[in-house]
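Peer 1: give the three-dimensional model of this entry:
(2 chains)
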Protein chains: 2
Amino acid sequence: MSSAVSTKPPAVVLFSGGLDSTTVLAIAQEQGFDVHALSFRYGQRHVQELAAAQELAKLMGVRKHVVASIDLREFGGSALTADIAVPKDRLPQDMSHGIPITYVPARNTVFLSFALAWAETLGAADIFIGVNALDYSGYPDCRPEYIRAYEAMANLATKAGVEGGQRLKIHTPLIEWTKAQIVLEGMRLGVDYGQTCSCYDPGDDGRPCGRCDACLLRAKGFAQAGLPDPLHQRFNAGHP
Amino acid sequence: MSSAVSTKPPAVVLFSGGLDSTTVLAIAQEQGFDVHALSFRYGQRHVQELAAAQELAKLMGVRKHVVASIDLREFGGSALTADIAVPKDRLPQDMSHGIPITYVPARNTVFLSFALAWAETLGAADIFIGVNALDYSGYPDCRPEYIRAYEAMANLATKAGVEGGQRLKIHTPLIEWTKAQIVLEGMRLGVDYGQTCSCYDPGDDGRPCGRCDACLLRAKGFAQAGLPDPLHQRFNAGHP
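Peer 2: The predicted model follows:
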């Protein structure tokens, strides 16, 4: 973490340590924001994702990284937080129709609400989130119309909104990008994708399963970008 | 808690164990909903409020009471969660102008988001919250326009919204009521106000301070309703 006082405007970046949100973090930094990264310990079944987030936040020199603990398991309802098998080897056309069972109820709404609380405390007018409407059209809370409605609500929810301060903006730089575009932009910005964790069901050592929706989309992205995935190089170096 | 299977529609009620939300819970029950009560352990300085909520949830026979743990203290910024003195002996005109320092950043947005997650899991289309725009005009997230914007966002955020299910409604029965109207309606519905906890700064035994904004508004409400506050009777019985 950086300790020098910054003259850059603060921004809150929702940051899971996965491919998408790590790219978003790099984009926010390139746009000149002093990044405050926010992750969640929310009853997800693997902790490798959080370990990756903590390592990357350090590597990328964010101002502050907060890991907030919440527990959505009390409400039940998804493979990412409950005891339901993660689907494997699905075809792209099956991923992009209907609501995936890995959907967590109201997850982005909960995450954005914590980001809003932190932004208000910081006096920040900018929140970044790595939602993507193309790869995951099945998630209602990844759609542009949802983000716009959230922004409208947020601007009525806060002191700044009431007192006529700066208008809060939810930035979604990836929302219309393909996985290949995300990878290419991240590479240009120097993101170390070998440290990111995308898999819904990794091994204890963090090795991706290679077969869940997230792994398959990631592989497709690197293939279409014409680049090798540094994560595979990392895991295959020691295990040829 | 009731254990029989219910044919009533489920509703999530945000429930602090205070005067307002306890009245809302009784209203939701009278309207025929199967109440799922949601409280938060969020770094507030006193736990008496939660003890009151747990006791009342049992007394009132709710279907299920979940106490979700969240920690807004990591973000700083309010008397209710940080180490700033609770203001005492303020005049009504001072309470109702500007943002009180007891304001917690984005609190209702965070609370409603958890309620939304639970509602989605339950298949509930109804959320109740005891916001009041008259007594606390200083809180941005207690205003009708905020609630309407939240409802619009919530209907884009969830599976039901995408799949064309029942439209989600945020019920705010108290929003235009005076404290006296709230007390009179609660009395009519048989609410045991002797068990509710409103004070921002109670003693270890739960005795209200009598001087914070919440105590003063509560006292005014009972006075205008022409009724004694059962909470005072409870505490004065043993300590004349």
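Peer 1: strands of chain A, start to end?
Peer 2: Ranges of strands within chain A are A:10-14, A:34-41, A:64-69, A:126-128, A:169-171, based on DSSP state E.
Peer 1: for residue B:117, which of those is the nearest?
Peer 2: Among those, the nearest to residue B:117 by Cβ to Cβ is strand A:34-41 (12.6 Å). (Glycine included, C-beta is placed from N, CA and C.)
Peer 1: report the buried residues of the closest one.
Peer 2: Neighbour-count burial for strand A:34-41, counted by 16 or more other Cβ atoms under 10 Å in any protein chain shown, picks out A:34-40.
Peer 1: direction included, what does that strand pair against?
Peer 2: Counting by DSSP bridges, the strands paired with strand A:34-41 are strand A:10-14 (parallel), strand A:64-69 (parallel).
Peer 1: from residue A:32, how far out is residue A:60?
Peer 2: Per Cβ to Cβ, to the nearest Å, residue A:60 is found 15 Å from residue A:32.
Peer 1: which one's more surrounded, those two?
Peer 2: residue A:60 (22 against 10; other Cβ atoms under 10 Å in any protein chain shown).
Peer 1: measure the residue nearest to that one when sequence neighbours are not counted to residue A:142 for me?
Peer 2: Leaving aside its chain neighbours, residue A:60 sits nearest to residue A:25 (6.2 Å; criterion: Cβ to Cβ, 6 or more residues apart in numbering or on different chains). Taking Cβ to Cβ as the measure, residue A:25 falls 18 Å from residue A:142.
Peer 1: out of those two, which sits in the more crowded spot?
Peer 2: Legend: neighbour count by other Cβ under 10 Å for residue A:25 and residue A:142, higher for residue A:25 (28 against 22).
Peer 1: so what's the more buried one up against?
Peer 2: A:13, A:15, A:35, A:37, A:56, A:60, A:62, A:128 (Cβ atoms under 8 Å, 6 or more residues apart in numbering or on different chains).
Peer 1: let me have those residues in JSON lines, adding pLDDT as columns.
Peer 2: Formatted as JSON lines, the contacts of residue A:25 follow (pLDDT from 0 to 100):
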{"residue": "A:13", "pLDDT": "98"}
{"residue": "A:15", "pLDDT": "96"}
{"residue": "A:35", "pLDDT": "98"}
{"residue": "A:37", "pLDDT": "97"}
{"residue": "A:56", "pLDDT": "95"}
{"residue": "A:60", "pLDDT": "97"}
{"residue": "A:62", "pLDDT": "97"}
{"residue": "A:128", "pLDDT": "98"}
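Peer 1: in the residues you listed, find the pair that's most separated.
Peer 2: Of all the pairs that the contacts of residue A:25 form, the one spanning the most space (Cβ to Cβ) is A:56 and A:128, at 14.7 Å.
Peer 1: can you report how many residues lie near residue A:167?
Peer 2: When neighbours are counted by other Cβ under 10 Å, residue A:167 registers 11.
Peer 1: thought it was touching residue A:155?
Peer 2: Yes. Contact criterion Cβ atoms under 8 Å: residue A:167 and residue A:155 qualify, at 6.0 Å.
Peer 1: low-scoring pLDDT stretches of chain A, where are they?
Peer 2: Residue ranges of chain A with pLDDT under 70: A:1-5, A:43-46, A:76-87, A:92-103, A:135-137, A:160-166, A:237-240.
Peer 1: now the helices for it?
Peer 2: A:19-30, A:48-59, A:92-95, A:107-122, A:144-157, A:159-162, A:179-188, A:213-225, A:230-238 (DSSP state H).
Peer 1: what would those look like in CSV with distance to residue A:207?
Peer 2: Formatted as CSV, the helices of chain A follow (distance: least, Cβ to Cβ, whole Å):
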stretch, distance to residue A:207
helix A:19-30, 16
helix A:48-59, 9
helix A:92-95, 22
helix A:107-122, 25
helix A:144-157, 33
helix A:159-162, 44
helix A:179-188, 20
helix A:213-225, 11
helix A:230-238, 5
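Peer 1: contacting residues around residue A:70?
Peer 2: A:40-43, A:110, A:114, B:68-70, B:114.
Peer 1: mind giving me the ChimeraX select for these, buried ones only?
Peer 2: Buried residues among the contacts of residue A:70 (16+ other Cβ under 10 Å), as a ChimeraX selection:
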select /A:40,42,43,110,114 /B:68,70,114
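Peer 1: which one of the contacts of residue A:70 is nearest residue A:184?
Peer 2: Closest approach to residue A:184 among the contacts of residue A:70 (Cβ to Cβ): residue A:40, at 27.9 Å.
Peer 1: what about stretch A:199-216, distance to the chain center?
Peer 2: How far stretch A:199-216 lies from its chain's middle: 16 Å, per Cα atoms, centre = their mean, to the nearest Å.
Peer 1: count the residues that sit near the closest residue in space to residue A:231 that isn't next to it in sequence.
Peer 2: In space, and not counting its chain neighbours, residue A:231 is closest to residue A:194: 5.4 Å by Cβ to Cβ, 6+ apart. Other residues near residue A:194 come to 13 when the count uses other Cβ under 10 Å.
Peer 1: how near is residue A:194 to chain B?
Peer 2: To chain B, residue A:194 is 29 Å away according to Cβ to the nearest Cβ, to the nearest Å.
Peer 1: in the sheet, who's paired with residue A:69?
Peer 2: In this entry, residue A:69 is beta-bridged to residue A:41, by DSSP bridges.
Peer 1: relative to residue A:12, how far out is the residue nearest to residue A:60?
Peer 2: Using Cβ to Cβ, residue A:25 is found at 11 Å from residue A:12.
Peer 1: between the two, which contacts overlap?
Peer 2: By Cβ under 8 Å, 6+ apart, the residues touching both residue A:25 and residue A:12 are A:37, A:128.
Peer 1: so what does the nearest residue to residue A:117 once chain neighbours are set aside look like in phi/psi?
Peer 2: With sequence-adjacent residues excluded and distances taken as Cβ to Cβ, 6+ apart, residue A:117 is closest to residue B:106, at 3.8 Å. Backbone torsions for residue B:106, taken as degrees, to the nearest 10, come to phi 60, psi 20.
Peer 1: give me phi/psi at residue A:204?
Peer 2: When read as degrees, to the nearest 10, the backbone of residue A:204 gives phi -60, psi -30.
Peer 1: which ones are touching residue A:55?
Peer 2: Counted by Cβ under 8 Å, 6+ apart, residue A:55 has contacts A:17, A:195.
Peer 1: now do it against chain B, distance only.
Peer 2: In terms of Cβ to the nearest Cβ, residue A:55 sits 20 Å off from chain B.
Peer 1: before we move on, back to that, looking at the strands paired with strand A:34-41, which is buried most?
Peer 2: Mean neighbour count (mean count of other Cβ atoms under 10 Å in any protein chain shown) peaks for strand A:10-14 among the strands paired with strand A:34-41, with a mean of 25.
Peer 1: how far off centre is that strand?
Peer 2: With Cα atoms, centre = their mean as the basis, strand A:10-14 stands 12 Å off its chain's centre.
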